[in-house]
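Engineer: From the sequence below, what's the structure:
(one chain, ligands or ions: 1)
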Amino acid sequence: MQAPTTTNAADAVRDSAFLRAARGEPVPHTPVWFMRQAGRSLPEYLRIREGVSMLDSCMQPDLVTEITLQPVRRYGVDAAIFFSDIVLPLKAIGVDLDIVPGVGPVVASPVRTLADVAAIPDLTPEHVPFITESVTRLVGELGSTPLIGFAGAPFTVASYLVEGGPSKEHAKTKALMFGAPDVWAALMTKIAAISTAYLEVQVAAGASAIQLFDSWAGALTRADYQAQVLPYSTDVLGAIGRTGVPRIHFGVGTGEILDLMGQAGADVVGVDWRVSLADGIARVGGRCVQGNLDPTLVFAPTEVMLERADQVLAAGRAAPGHIFNLGHGVIPSTDPDQLKRLTDHVHEASAR
Ligand code: 1CP
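Structural biologist: All right, here's what the predicted structure looks like:
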């Protein structure tokens with residue numbers, strides 16, 4: 001009896017609104033999920049994380065499974081995003097780093113030289129058995145709901161490695177890019193291989209789509225993005241393309257480079273809220289899009305939030321496929337009830 005159940009669930013996932021939209025196929029309703037839907041805006045998340053550090057929680061399959069499922073249960077979103085962090089693969093291969101509460105990822109010895117890059121090992125599945133276990137368990141628990149795996153794109157991960165922590169200007173990272181092209185190329189090549197291997201582990205264990213987060217790519221000029229960053233993200237997306245799962249490519253403040261991000265080979269391009277979705281669709285020409293309600297609209301009166309959601313839905317009809325999302329992650333002080341109302345509204349207003 002086990003085999004037919006598994007097959008039915010796999011068929012239902014393949015036929016889900018989320019994966020249909022990512023492939024540009026007709027959908028019963030516009031699928032919706034929220035970047036950072038698991039995490040600090042949920043009281044059940046805060047409770048389960050009490051006394052467990054962020055990185056430890058990412059390495060415990062029971063916690064990863066529960067935290068990933070929490071927003072699916074609460075909101076009824078069309079996809080789960082795997083609970084982890086973009087620096088987790090670095091931790092797993094032995095880079096000395098921590099996620100400091102209220103700060104973010106902090107790296108003990110920032111990367112500056114070719115020797116620093118050479119000291120970073122490649123990632124193999126043996127480094128991350130807990131990822132394989134967590135994804136396998138989750139796919140079993142999720143039934144017909146697809147699981148999105150994710151990784152950081154080379155530029156965004158490089159920023160943490162070079163700066164040593166969160167940064168607004170990414171000045172040291174860009175200085176390395178401008179001034180030490182050999183170190184830059186070696187570092188970006190190394191991170192691209194790590195992100196690819198990390199995504200391959202998630203897909204092999206059953207993730208049915210992936211998102212490549214290049215959150216800080218909007219800090220670059222078009223020319224620098226095209227010459228110094230795009231080729232490495234293209235390598236990651238190309239490698240994952242061979243697995244057959246849809247690929248989403250997202251960054252913040254990327255209006256000026258959205259067309260280039262589309263050229264990196266993703267099936268779906270994430271649009272942040274600063275660009276109107278209509279403009280975003282025109283810029284990525286012919287690709288599916290994800291987005292892009294301003295994440296602060298959850299703090300507006302509900303009717304205002306829903307009116308703006310309707311505008312996003314209407315604009316999304318011009319794309320071959322549209323996945324509704326916020327234009328960046330859920331803000332921690334967000335009222336979960338607003339996200340529940342938003343999810344229900346997207347489903348009802350877009351039902352065809
Ligand atoms: O203790 C805590 O709760 C720490 C907060 C936290 C959480 C809940 C961090 C630290 N990471 C995460 C989980 C996480 N990170 C997820 C899974 C949850 C979900 O989406 O539902 C994901 C997808 C990420 C990805 C991530 N981490 C990105 C890309 C997405 C984005 O928001 O742009 C980035 C840039 C990071 C780095 C990071 N990790 C944590 C923080 C606070 C940050 C940002 C720090 C900065 O401003 O540079």
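
Engineer: How about the residues of the stretch 1-150 of the chain by the ligand?
Structural biologist: Contacts of the stretch 1-150 of the chain with the ligand, taken as CB under 6 Å from any ligand atom, map to 35-40, 54, 81, 83, 85-86, 99, 101, 104-105, 150. Where C-beta positions appear, they are placed from N, C-alpha and C, glycine not excepted.

Engineer: Quick check: which element contains the closest residue to the ligand within the stretch 251-352 of the chain?
Structural biologist: Residue nearest to the ligand within the stretch 251-352 of the chain: residue 329 (4.0 Å; CB to the nearest ligand atom). In this structure, residue 329 is located outside every helix and strand according to DSSP states H and E.

Engineer: ok, now how distant is residue 324 from residue 288?
Structural biologist: Residue 324 is 12 Å from residue 288, where distance means CB to CB, to the nearest Å.

Engineer: Neighbour count for the two, which is higher?
Structural biologist: Under the criterion of other CB atoms under 10 Å, the comparison of residue 324 against residue 288 puts residue 324 first, with 30 against 23.

Engineer: got the phi/psi numbers for that one?
Structural biologist: When read as degrees, to the nearest 10, the backbone of residue 324 gives phi -80, psi 140.

Engineer: Touching, it and residue 312? I think so.
Structural biologist: Yes - contact criterion CB atoms under 8 Å: residue 324 and residue 312 qualify, at 6.6 Å.

Engineer: ok, which stretches of this protein are strands?
Structural biologist: Taking DSSP state E, the strands of the chain run over residues 80-81, 97-100, 104-107, 147-152, 209-213, 247-250, 268-270, 288-293, 322-326.

Engineer: So which residues make contact with the last one?
Structural biologist: By that I understand strand 322-326. 18, 21-22, 30-35, 78, 248, 268, 270, 273, 277, 288-295, 309, 312-313, 316, 346, 350 (CB atoms under 8 Å, 6 or more residues apart in numbering).

Engineer: still on that earlier bit, turn the strands of the chain into a markdown table, including mean pLDDT.
Structural biologist: Shown next, in a markdown table, are the strands of the chain (pLDDT from 0 to 100):
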| stretch | mean pLDDT |
| --- | --- |
| strand 80-81 | 98 |
| strand 97-100 | 98 |
| strand 104-107 | 98 |
| strand 147-152 | 98 |
| strand 209-213 | 98 |
| strand 247-250 | 98 |
| strand 268-270 | 98 |
| strand 288-293 | 98 |
| strand 322-326 | 98 |
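
Engineer: contacting residues around residue 100?
Structural biologist: 106, 165.

Engineer: That one pairs with what?
Structural biologist: Beta-bridge partners recorded for residue 100 (DSSP bridges): residue 104.

Engineer: how close does it get to residue 130?
Structural biologist: Remark: distance between residue 100 and residue 130 (CB to CB) = 22 Å.

Engineer: Then residue 245?
Structural biologist: Residue 245 is 21 Å from residue 130, by CB to CB.

Engineer: Then residue 24?
Structural biologist: According to CB to CB, residue 24 and residue 130 sit 34 Å apart.

Engineer: Without its sequence neighbours, what residue ends up closest to the residue of the stretch 251-352 of the chain closest to the ligand?
Structural biologist: The shortest distance from residue 329 to any non-neighbouring residue, by CB to CB, 6 or more residues apart in numbering, is to residue 36 (3.2 Å).

Engineer: Would you confirm that residue 60 contacts residue 130?
Structural biologist: Yes - contact criterion CB under 8 Å: residue 60 and residue 130 qualify, at 7.2 Å.

Engineer: which residues touch residue 113?
Structural biologist: Counting by CB under 8 Å, 6+ apart, residue 113 touches residue 183.

Engineer: Show me the shaky parts of the stretch 151-300 of the chain.
Structural biologist: Nowhere does the stretch 151-300 of the chain drop to pLDDT under 70.

Engineer: Flag every residue of it that's near the ligand.
Structural biologist: Applying CB under 6 Å from any ligand atom, we find that the stretch 151-300 of the chain lies next to the ligand at 156, 166, 213, 215.

Engineer: Understood, closing this out.
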